[in-house]
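1. Give me a 3D structure for the following:
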Amino acid sequence: MKFIKKIFFRLIVLVAIITAIAVGSRYVIKENFFPYKYQEYVDKYGAQYNLDPLFVLAVIKTESKFDEDAKSHKNAVGLMQITVSTGEWAAKEMGYSTFSKENLYDEEYNIRMGCWYLRRLNDTFDGDLDLTVAAYNAGPTNVQSWLKNEKYSSNGKSIDYIPFGETKKYVDKVDAYYHVYEYLYSEKESYFDKNKIIELVKSLLNISF
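-> Prediction:
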């Protein structure tokens, strides 16, 4: 019964989002649910590290919901939820002479480091966004071990099954949010493109609201 209620609730939310977009409430959806926040930094470092800024926005929304003061139980902080240990390592790799946890609460610093790390992971996993996102959440070592395990990867290049439930949900969310951002902000796409709407629905159905 709980499962049915959960599915029903997700469908209601999904229909509400699609309907709001379709009837011209895109401004409300953008401002309240899928904003283009920190555009100066997202665009700047997205371009510097060759990342789609809409993808960066999807990661930030999933990680912190755009709360620059966010902090997780794993000691990850800031907009892109970077841990202190990762921040210390990344700062050295990026050429920073000093590093402190407080740096991660600075919006520009956090976004730059997050974009740098996404680029690093994307290069490590040959441009595969799902693997990049999984590694951002679970760490590259875990993803590499999954690729070597036939239980999780049939070809050693992509993951058929993510054994970490949190990481599976995370990848699904980033993918879904990326589709929504593309739908809302891409000037090349029609808001009433049937195929685009179907793609959007499929991606949203994969996540928990």
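2. just the strands in the chain please.
-> Secondary structure of the chain, counting by DSSP state E: strands at 76-77, 82-83.
3. JSON lines for those, including distance to residue 67 and mean pLDDT?
-> In short, each C-beta sits where N, CA and C put it, glycine included. Compiled in JSON lines, these are given as follows (distance: least, CB to CB, whole Å; pLDDT from 0 to 100):
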{"stretch": "strand 76-77", "distance to residue 67": "10", "mean pLDDT": "96"}
{"stretch": "strand 82-83", "distance to residue 67": "14", "mean pLDDT": "97"}
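4. Check this protein and tell me which residue is nearest its centre.
-> Geometric centre of the chain, nearest residue: residue 59, 2.4 Å, by CA atoms, centre = their mean.
5. circling back to that earlier point, which one of the strands of the chain lies nearest to residue 121?
-> strand 82-83 (12.6 Å; CB to CB).
6. Could you spell out the sheet neighbours of the closest one, each with its direction?
-> Using DSSP bridges, the strands paired with strand 82-83 in its sheet are strand 76-77 (antiparallel).
7. how about TSV for the strands of the chain, with mean neighbour count added?
-> Output for the strands of the chain, formatted as TSV (neighbours: other CB atoms under 10 Å):
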stretch	mean neighbour count
strand 76-77	21
strand 82-83	20
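8. The nearest residue to the residue nearest to the centre of the chain once chain neighbours are set aside: neighbour count?
-> Using CB to CB, 6 or more residues apart in numbering and skipping residues adjacent in sequence, the residue nearest residue 59 is residue 174, 5.8 Å away. Other residues near residue 174 come to 25 when the count uses other CB atoms under 10 Å.
9. my read: residue 174 touches residue 58, true?
-> Yes: with contact defined as CB atoms under 8 Å, residue 174 and residue 58 form a contacting pair (5.1 Å).
10. what's the overlap in contacts for those two?
-> Counting by CB atoms under 8 Å, 6 or more residues apart in numbering, no residue touches both residue 174 and residue 58.
11. dump the residue contacts of the residue nearest to residue 76 when sequence neighbours are not counted.
-> Once flanking residues are discounted, residue 76 sits nearest to residue 83: 4.7 Å by CB to CB, 6+ apart. Neighbouring residues of residue 83 by CB under 8 Å, 6+ apart: 74, 75, 76, 77.
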